[in-house]
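> Fold the following for me, if possible:
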Amino acid sequence: MVLMSLILGAVRGAAAQERVLVGGAAYESPSLVAPLAVLISRPASDVTTWTVGFTGYTLRGEYARRVAPSVTAVWSADATPVDANHSRYVYRDGQRDPALAFEDGSYHITAGFNLDGTSPWHASARAIGLYETVSGLADSAVLARWRSPYVGLEIVTSYRRVVSERVVEGRWHGIKVAAAAAGFLGARSWWRSQLSVSAGKGVGRVELSGETWLLVGGGLDIVNAFLVGGSWDMADRPALYGYHYAEFRPDRAGVANGGADIRLVGATSLGIRAACLASPSKDTCGGAVRLATVWDGIASSIGIGVPASGTTIVFASFSAAAL
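Residues are numbered from 1 along each chain as shown. Model prediction:
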């Protein structure tokens with residue numbers, strides 16, 4: 001969920017290591033806690049890689065085997081038996097509303113390949129099997145569409161030109177562009193697509209960062225809509241500082257955010273964040289202030305998120321990677 005940048009960095013770092021263990025947790029007031037532990041193993045031959053671990057309630061395993069110099073075949077499975085798609089945390093007017101919550105378990109299997117040569121361009125394709133166990137919704141039409149499984153196809157392409165990167169801190173200098181599209185066939189077909197552009201640059205004692213996201217989908221409902229919100233810096237979905245994680249569930253949206261981290265002393269920095277959301281159902285902005293440090297290889301942060309209106313949010317996280 002929120003420590004995905006550390007996992008992705010560890011996968012790249014594992015190229016020179018046989019095993020990497022990633023761990024951490026994130027907190028959001030009043031009571032959201034998301035632990036993480038992932039073990040990545042890559043033998044010295046660099047032919048196969050396997051990954052196993054959990055993020056929040058999601059258990060995941062992946063096996064990858066290089067079949068050509070720039071082609072890797074990948075198989076994966078994951079299970080989220082409870083609170084899939086953040087089903088137990090549904091918000092109305094900035095407050096968690098138990099009347100809107102529902103139960104959801106989500107189960108995926110995928111098979112596909114990565115094209116990942118030395119070029120800054122990368123691409124992947126996955127065939128997907130998906131089954132959701134949804135209950136507790138008042139809308140019978142939504143319940144009916146999720147009683148049977150779906151099959152789908154996802155294609156992802158990315159461009160990554162990074163000059164330097166500090167994985168544990170989540171800081172990097174350069175530019176990243178990613179586009180993804182996935183479509184599913186079943187009781188009621190649906191699709192999602194997203195485009196993200198992000199950049200980071202250091203200027204003296206200040207680290208600048210910014211990103212924009214465009215989210216567009218069709219046939220979406222409360223179960224499979226995009227999840228937008230959260231005051232952590234996230235790599236796999238847009239942050240909306242000052243708001244709860246997954247507070248908004250749009251089918252179309254644009255998100256822009258930016259920040260500056262000022263190095264105070266040693267590895268300790270003070271960060272300022274701002275973000276805006278534009279969607280058919282909600283336009284809003286928010287911000288956050290956080291204090292972050294790295295001590296003995298462990299990155300930690302604590303901060304306050306301030307929405308345009310509503311309740312101030314306290315958030316925190318820690319993470320580490322052991323080689």
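> From now on I want contacts and neighbour counts done on CA atoms only, so please keep to that.
OK.
> Identify the residue spatially nearest to S209, adjacent ones excluded.
The shortest distance from S209 to any residue other than its chain neighbours is 4.3 Å, reached at G200 (C-alpha to C-alpha, 6 or more residues apart in numbering).
> What helix or strand is the one you found located in?
Assigning secondary structure by DSSP states H and E places G200 in strand 190-203.
> Please name every helix or strand in contact with the next helix or strand after that strand.
As assigned by DSSP H and E, the chain's next helix or strand after strand 190-203 is strand 206-218. Applying 3 or more C-alpha pairs under 8 Å, 6 or more residues apart in numbering; DSSP states H and E, we find strand 206-218 packed against strand 190-203, strand 252-265.
> hang on, the earlier thing: so who does the residue nearest to S209 touch?
171-175, 207-210 (C-alpha atoms under 8 Å, 6 or more residues apart in numbering).
> mind listing what's buried in the helix or strand hosting H108?
Using DSSP H and E, H108 falls within strand 103-115. Buried residues in strand 103-115, defined by neighbour count with 16 or more other C-alpha atoms under 10 Å: 103-115.
> likewise stretch 265-279?
Result for stretch 265-279 [16+ other C-alpha under 10 Å]: buried residues 268-279.
> any chance of these in CSV, with secondary structure too?
Below are the buried residues of stretch 265-279 laid out as CSV (DSSP: H, G, I helix; E, B strand; the rest coil):
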residue, secondary structure
T268, strand
S269, strand
L270, strand
G271, strand
I272, strand
R273, strand
A274, strand
A275, strand
C276, strand
L277, strand
A278, strand
S279, coil
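> Number of residues surrounding D139?
Per other C-alpha atoms under 10 Å, the neighbour tally for D139 reads 8.
> just for this structure, where's the confidence low?
The model of the chain has pLDDT under 70 over residues 1-17, 44-45, 167-168.
> picking that back up, for the buried residues of stretch 265-279, which one is nearest A225?
Of all the buried residues of stretch 265-279, the one with the least separation from A225 (C-alpha to C-alpha) is S279, at 12.6 Å.
> For the closest one, give me phi and psi.
When read as degrees, to the nearest 10, the backbone of S279 gives phi -150, psi 160.
> Setting the sequence-adjacent residues aside, check what's closest to it.
Nearest to S279 is A253, by C-alpha to C-alpha, 6+ apart, at 4.4 Å.
> Do I have it right that that neighbour meets L277?
Yes - A253 is in contact with L277 according to C-alpha atoms under 8 Å; the separation is 7.0 Å.
> Tell me how far the residue nearest to S279 lies from A288.
21 Å (C-alpha to C-alpha, to the nearest Å).
> Equivalent analysis for H244, please.
12 Å.
> Please say which of the two ends up with more neighbours.
With neighbours defined as other C-alpha under 10 Å, H244 and A288 compare such that H244 has more, 31 against 25.
> and that one, which of the three is it?
Secondary structure state of H244, per three-state DSSP, is coil.
> That one and Y63, how far apart?
In this view, H244 and Y63 are 33 Å apart by C-alpha to C-alpha.
> Next: L32.
30 Å.
> Which residue of those two possesses the greater neighbour count?
Y63 (16 against 12).
> Give me the contact list for the host helix or strand of V294.
V294 is part of strand 283-295 when elements are defined by DSSP H and E. Outside strand 283-295, the residues that touch it by C-alpha under 8 Å, 6+ apart are 169, 231, 240-243, 267-278, 299-308.
> Kindly reformat the helices and strands packed on strand 206-218 as CSV containing distance to G152.
Formatted as CSV, the helices and strands packed on strand 206-218 follow (distance: least, C-alpha to C-alpha, whole Å):
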stretch, distance to G152
strand 190-203, 9
strand 252-265, 20
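> Relative to G129, which of those strands is closest?
Nearest to G129, of those and by C-alpha to C-alpha, is strand 190-203 at 13.7 Å.
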